[in-house]
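In: starting from these lines, generate the structure:
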Amino acid sequence: MRYSEEIKDLAKAMAAAQSELENPPKEKTAKAGSYSYKYADIADVLNAARPVLTKHGLAVFQTTSVRESGLVLLTRIVHTSGQWVEGEYPVASAREMKHQDIGAAMTYARRYALTAMIGVAAEEDTDAHHSAPVRPSRGPSKADSRPIYERLQNTMRACKTVEALNEWSARHNEEIARLPEDWKALLRKEWAEQRDFLDAPSGDSETDADQ
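Out: A predicted model of the protein is given here:
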C-alpha cells in the first residue's frame with residue numbers, strides 16, 4: 001500500500017467512518033458447485049458505504065494502470081485534507097489481455113479491494129459449510145464453477161513474483177479445492193508453468209525473446 005506524507009486527518013476520519021459503516025446487504029446469490037452463498041456486488045457495496053464515507057470527508061477513486069506485468073486496479077481513499085491511502089490489485093496478465101477475460105476479473109477486483117480497504121464484508125462466511133457433513137455427490141458442476149475458475153485463473157496470471165504466486169495459492173487453497181477435478185488439474189498445471197516462468201533467470205527470458 002502507498003500513503004500520502006501525512007495521514008493523521010485521514011486516519012481520524014476513517015476511524016469515525018468505520019464506527020458507522022455496516023456490512024452491505026447481501027442480495028445476490030452465487031453458485032459454487034453443490035452449494036450457494038449470498039454476496040453484495042460492487043454497486044451494493046458503494047451504495048452502503050458512500051454516504052458514510054462522504055459524511056466524514058472521504059472519497060473513493062478506482063482506476064486502472066497498464067504495466068509490463070499486466071492490468072492493475074488502483075483503489076485510492078482520499079480525505080478532504082488531501083491525504084490519501086492507495087492499494088493495488090492485479091486484474092489480468094500481460095500475456096492474456098483479452099477483454100472478455102478482464103470484465104469478470106475487474107468486477108471482482110473492485111469489490112474485493114474496496115471492502116478490504118474500508119473494512120466491511122460483502123460475502124457470507126462459508127466456514128460453516130466446510131465443517132458441515134456433506135452427502136455423497138458427483139461433485140460440483142463444471143458449468144457452475146466456470147466463472148470461479150476463470151477468476152482464479154486471471155488473478156493467478158497477474159502474479160508478478162514467485163512470492164505473490166505462493167500467496168495466491170495459500171489465499172485461494174480452499175476455493176480451489178471445491179472446484180471440479182478437471183478445473184483443479186488445469187489450475188495446478190498453469191500454476192507450475194507460471195512458477196517456472198517467474199523463477200527462470202532473467203537472462204534466459206531475454207535469450208528466448210531474441211530467438
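In: what's the nearest residue to Thr63 if we skip its chain neighbours?
Out: Leu74 (5.4 Å; C-beta to C-beta, 6 or more residues apart in numbering). Quick note: C-beta positions are derived from backbone N, CA and C, even for glycine.
In: sticking with the one you found, tell me its helix or strand.
Out: Using DSSP states H and E, Leu74 sits within strand 70-79.
In: that strand pairs with which strands?
Out: Pairing partners of strand 70-79, with direction, according to DSSP bridges: strand 58-67 (antiparallel), strand 84-93 (antiparallel).
In: which of the ones you listed has the lowest average pLDDT?
Out: Lowest mean pLDDT within those: strand 84-93, a mean of 87.
In: Tyr89 pairs with what?
Out: Applying DSSP bridges, one finds that Tyr89 bridges with Leu73.
In: from Ala49, how far off is the residue nearest to Thr63?
Out: 18 Å (C-beta to C-beta, to the nearest Å).
In: so between these two, which is more surrounded?
Out: Shown here are Leu74 and Ala49; by other C-beta atoms under 10 Å, Ala49 has more neighbours (23 against 15).
In: list the contacts for the residue most central in space within the chain?
Out: Ranked by distance to the mean C-alpha position of the chain (C-alpha atoms, centre = their mean), the top residue is Ala109 at 4.2 Å. Residues near Ala109 by C-beta atoms under 8 Å, 6 or more residues apart in numbering: Leu73, Tyr89, Pro90, Val91, Thr155.
In: what about it, distance to Val52?
Out: In terms of C-beta to C-beta, Ala109 sits 22 Å off from Val52.
In: also Leu187?
Out: Counting by C-beta to C-beta, the gap from Leu187 to Val52 is 38 Å.
In: residue contacts, Asn47?
Out: Pro24.
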